[in-house]
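K.L.:
sequence? don't have it. structure:
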């Protein structure tokens, strides 16, 4: 038997497979190969997405713990300030909270100033020469 012959392919009078059936077999093989390659790429992409989702979840968890820890440190600092100044606890909480609020407003203003370019919008707010 010949290596190029297909089982069940139509044959001519000499017993050889026809060119059209060989080309049809090639087309079928290519289609199968492309489908399998697409399925493989899809699985690989899904695995990457799953890995990224797990990493993102871990990052969010660590970020939540960091924010909680910073809050507890701020409360501890506020209580220490109140005790050192002879104030009630709420006075220390108010003082530290006020300082943190002012620092946040100053930080936001500096961030806006550093990232705003003339003629462009910043989060939907028009600058002096920008148009929407």
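P.N.:
Yes, it's here. Note that the structure is predicted; figures quoted are calculated from it, not measured. Numbering: from 1, shown residues only.
K.L.:
what helix or strand is residue 114 on?
P.N.:
Assessed by DSSP states H and E, residue 114 sits inside helix 89-115.
K.L.:
how far does that helix sit from the chain's center?
P.N.:
30 Å (C-alpha atoms, centre = their mean, to the nearest Å).
K.L.:
One more: stretch 85-101?
P.N.:
39 Å.
K.L.:
can you pull the buried residues of it?
P.N.:
By 16 or more other C-beta atoms under 10 Å, the buried positions in stretch 85-101 come out as 92-93, 95-96. From N, CA and C alone the C-beta is placed, and that goes for glycine too.
K.L.:
tell me which of those is nearest to residue 111?
P.N.:
Proximity to residue 111 was ranked across the buried residues of stretch 85-101 by C-beta to C-beta; first place goes to residue 96, at 22.2 Å.
K.L.:
Name the nearest residue to that closest one, sequence neighbours excluded.
P.N.:
residue 78 (3.9 Å; C-beta to C-beta, 6 or more residues apart in numbering).
K.L.:
Could you report the distance from that neighbour to residue 43?
P.N.:
Separation of residue 78 from residue 43 (C-beta to C-beta, to the nearest Å): 53 Å.
K.L.:
So which elements touch the longest helix anywhere in the chain?
P.N.:
In the chain, with assignment by DSSP state H, the single longest helix is helix 19-85. Packing partners of helix 19-85 (3 or more C-beta pairs under 8 Å, 6 or more residues apart in numbering; DSSP states H and E): helix 89-115.
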